[in-house]
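Undergrad: quick one: sequence and predicted model below, then my questions.
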Amino acid sequence: MPHLVQLLLPVFDNGGEQFAPELHKGVRLELTQRFGGLTAHTRAPAEGLWDTGDDVKRDDIMVLEVMVQDLDRPWWRNYRGELESRFRQNQIVLRALAYDAL
């Protein structure tokens with residue numbers, strides 16, 4: 001069954017500094033080469049909010065989407081770990097949605 005894999009990548013680091021454009025460009029290139037294409041939602045970064053108990057934190061994120069025929073979960077888990085290291089994050093959200101063409 002085909003899946004839509006979504007990657008939610010931070011635009012800014014934990015100190016509020018914007019990541020170099022080359023960092024995101026490298027991810028887009030890697031995914032395009034591996035899967036033949038992707039959709040990048042980059043024009044207006046999405047805003048993530050979460051309650052930490054003391055206050056509400058905010059993140060600007062870029063959403064990348066890749067269509068895959070077969071979901072290779074071990075590969076994606078490994079890739080998520082690589083991205084967490086590159087972007088210096090405790091966790092980067094990757095999610096897969098079953099895709100049913102209409």
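TA: Great, that's in hand.

Undergrad: hey, let's count contacts and neighbours off CA atoms from now on
TA: Fine.

Undergrad: quick one: pLDDT of the closest residue to H41 other than its chain neighbours?
TA: The shortest distance from H41 to any non-neighbouring residue, by Cα to Cα, 6 or more residues apart in numbering, is to V63 (5.2 Å). As predicted, V63 sits at a pLDDT of 93.

Undergrad: what strand or helix carries V63?
TA: Per DSSP states H and E: V63 is located in strand 56-68.

Undergrad: tell me the strands beside that strand, with direction?
TA: strand 3-10 (antiparallel), strand 39-51 (antiparallel) (DSSP bridges).

Undergrad: now do that strand: distance to the chain's middle.
TA: Chain-centre distance of strand 56-68: 5 Å, with Cα atoms, centre = their mean, to the nearest Å.

Undergrad: dump it to PDB, restricted to CA.
TA: Taking Å, rounded to 0.1, in the frame of the first residue of the first chain, the C-alpha atoms of strand 56-68 are listed here in PDB:
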ATOM      1  CA  VAL A  56       3.700  27.600  25.500                       C
ATOM      2  CA  LYS A  57       6.700  26.900  23.100                       C
ATOM      3  CA  ARG A  58       6.600  27.800  19.400                       C
ATOM      4  CA  ASP A  59       8.400  26.300  16.400                       C
ATOM      5  CA  ASP A  60       8.400  27.300  12.800                       C
ATOM      6  CA  ILE A  61       8.600  24.200  10.700                       C
ATOM      7  CA  MET A  62       9.000  23.200   7.100                       C
ATOM      8  CA  VAL A  63       7.000  20.200   5.900                       C
ATOM      9  CA  LEU A  64       8.400  17.800   3.300                       C
ATOM     10  CA  GLU A  65       6.300  15.100   1.800                       C
ATOM     11  CA  VAL A  66       7.400  12.000  -0.100                       C
ATOM     12  CA  MET A  67       5.200   9.300  -1.700                       C
ATOM     13  CA  VAL A  68       6.500   5.800  -1.300                       C
END
